[in-house]
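S.K.: Show me the folded form of this:
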Amino acid sequence: MQWLDYSTDNCSVQRTMNIIGEKWTMIVLREVFNGVRRFEQMRRHTGISEPVLSARLRTLVDAGVLDTVPYQESGHRTRHEYRLTDKGRDLYPILIALLQWGDRYCADPEGPALTVRHHDCGEPIAAVVQCEAGHRVEPRNAHVLPGPGAQRAG
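M.R.: As a prediction, this is how the structure comes out:
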């Protein structure tokens, strides 16, 4: 396959980045994965400005990554919490891969700021690339083929 012979107009990586590629989006997802679901808590914990946080949440809701669930505290107006959908939970390996890379190349000399461990056994969680037969795959051992949606470059 000659990669340059095919169009990237319908590339799944590009379409995914259109949803999650803005720098604050993965921070918002990190918060929701870690149980922070309310706007004001997210804003305070991350330092994201209100307009940027609103825009990121709106994008994730519109894309079906997050759902909103109404709640109301006594004496206050109804607000919304943000909950992961199945589509959102499927982004977990990406977040773990970013964490692994950051721990390896960007952590403080003392080590990473947090660890993620399997609830049942206590071992660290790792993102792994493997084929459907269960073999771990490094980039040099993978090759790209045209898929059913591939279009020739025009």
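S.K.: Please name the spatially closest residue to the residue nearest the centre of the chain (chain neighbours excluded).
M.R.: With distances taken as CA atoms, centre = their mean, Leu91 lies nearest the centre of the chain, 4.3 Å away. Nearest non-adjacent residue to Leu91, counting by CB to CB, 6 or more residues apart in numbering: Leu29, 6.1 Å away. Where you see a C-beta, it was placed from the backbone N, CA and C, and this is true even at glycine.
S.K.: Report the contact partners of that neighbour.
M.R.: Shown in contact with Leu29 (CB atoms under 8 Å, 6 or more residues apart in numbering): Ile20, Leu60, Val65, Gly88, Leu91, Leu95.
S.K.: Distance check, the third one against Glu22.
M.R.: Read that as Val65. Val65 is 13 Å from Glu22, where distance means CB to CB, to the nearest Å.
S.K.: Please identify which of those two sits among more neighbours.
M.R.: Remark: of Val65 and Glu22, Val65 carries more neighbours, 24 against 15, as counted by other CB atoms under 10 Å.
S.K.: and the more buried one, what does it touch?
M.R.: By CB under 8 Å, 6+ apart, the contact list for Val65 reads Ile19, Ile20, Leu29, Leu84, Thr85, Lys87, Gly88, Leu91.
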